[in-house]
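**Student:** Predicted model and sequence follow; I will ask about them next.
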Amino acid sequence: MAEVILTFDVEQDCPPFLNTTRGMEEGLPRIMDVLDDHGVRGTFLFTGRIAEKFPQLAERAAGDHELGCHGLEHERFDRLSFKEAENRLIEARKTLSQFGEVISFRAPNFQFPDEYYGILAKLGFRVDSTKARHKGWRKGVTELHGLLEVPATTTSIVTRLPWVLQRGFHKRFESPVVYIFHPWEFVEMPKRLRPDCWFGTGKGAIEKLRKLIEFHLDNGARFITLREFYEEYQKLKRTGG
């Protein structure tokens, strides 16, 4: 049985090009409603600042789904010193922990130096999804620097393609299939931005999300969160399964 993990990087609209939050105001509630309609839980990786600005949505994520961390301000951790990275992660975790326990992390732009993983482990993070197959990661799920690495499967551009084109990708993806979405993709972004910020965004993205969920349900897949995957991995490890 395939395992599918829906992850959402919860941030301002298409950073760093915009500072608006239409994705939070309009997109994220729509996403959560679709997941609720299908009885599916997702992992919502909030930046600390967005959680501060939209506490009700952070509470909903923590209560109905899984709340994770996506940094403090959508910063590039590979451009920060070790100490600055640590300080920002401490602040982000403190903010997010007001809404519930947080053990999952993904760095913005898939950029996180290997030598910084110790910070995550020290702060109580247990699972990371910064590595990505579409960025060249070939090791699959593995233990890495004290965390369980559960790599992303594909870029969100794929899930914005016309359904007739993207359907073939979903058939070929290996389990666990870790999808990435952003709230701003579910509202129409201005075409003055670079194409990957506006292509396929808007109401059509909601219908494609529905089709993706229904496709996997029809094929007997099981939807879980990053946290649930981690807990099951640890249980199998303890029992030798």
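**Tutor:** Noted; the coordinates are in hand.
**Student:** which residues sit in contact with F105?
**Tutor:** Residues in contact with F105 (C-beta atoms under 8 Å, 6 or more residues apart in numbering) are L45, G68, C69, H70, L120, F125, V127, D128, S129, T130, L147. No exception for glycine: its C-beta is placed from N, CA and C like everyone else's.
**Student:** Name the nearest of those relative to A107.
**Tutor:** T130 (4.5 Å; C-beta to C-beta).
**Student:** The closest one belongs to a strand, doesn't it?
**Tutor:** No. Residue state for T130 (DSSP: H, G, I helix; E, B strand; the rest coil) corresponds to coil; a strand is not indicated.
**Student:** Check what pLDDT it gets.
**Tutor:** For T130, the model assigns a pLDDT of 97.
**Student:** do K135 as well
**Tutor:** 88.
**Student:** doesn't F110 make contact with it?
**Tutor:** Yes. At 5.5 Å, K135 counts as touching F110 under the criterion of C-beta atoms under 8 Å.
**Student:** If we ignore the residues flanking it in sequence, what's nearest F54?
**Tutor:** M24 (5.1 Å; C-beta to C-beta, 6 or more residues apart in numbering).
**Student:** Which residues are in contact with that neighbour?
**Tutor:** M24 is in contact with V10, Q12, I50, K53, F54, L57, P183, counting by C-beta under 8 Å, 6+ apart.
**Student:** that older thread, joint contacts of K135 and F110?
**Tutor:** With C-beta under 8 Å, 6+ apart, K135 and F110 have common neighbours A152.
**Student:** which one of these two has more residues nearby?
**Tutor:** The residue with more neighbours, out of K135 and F110, is F110; 18 against 13, by other C-beta atoms under 10 Å.
**Student:** So what's the predicted local confidence for that one?
**Tutor:** pLDDT recorded at F110 is 95.
**Student:** Report the contact partners of it.
**Tutor:** T130, K131, A132, K135, A152.
**Student:** Repeat that for A152.
**Tutor:** T7, R106, F110, S129, K131, A132, R133, H134, K135, V178, Y179, I180.
**Student:** picking that back up, and the two most separated of the contacts of F105?
**Tutor:** So, these by C-beta to C-beta: farthest apart are H70 and L147, at 15.4 Å.
**Student:** residue ranges with poor pLDDT in the chain?
**Tutor:** Residue ranges of the chain with pLDDT under 70: 241.
**Student:** And the strands in it, which stretches?
**Tutor:** 3-10, 43-46, 66-69, 104-105, 127-128, 142-144, 147-149, 177-181, 222-223 (DSSP state E).
**Student:** Thank you, goodbye.
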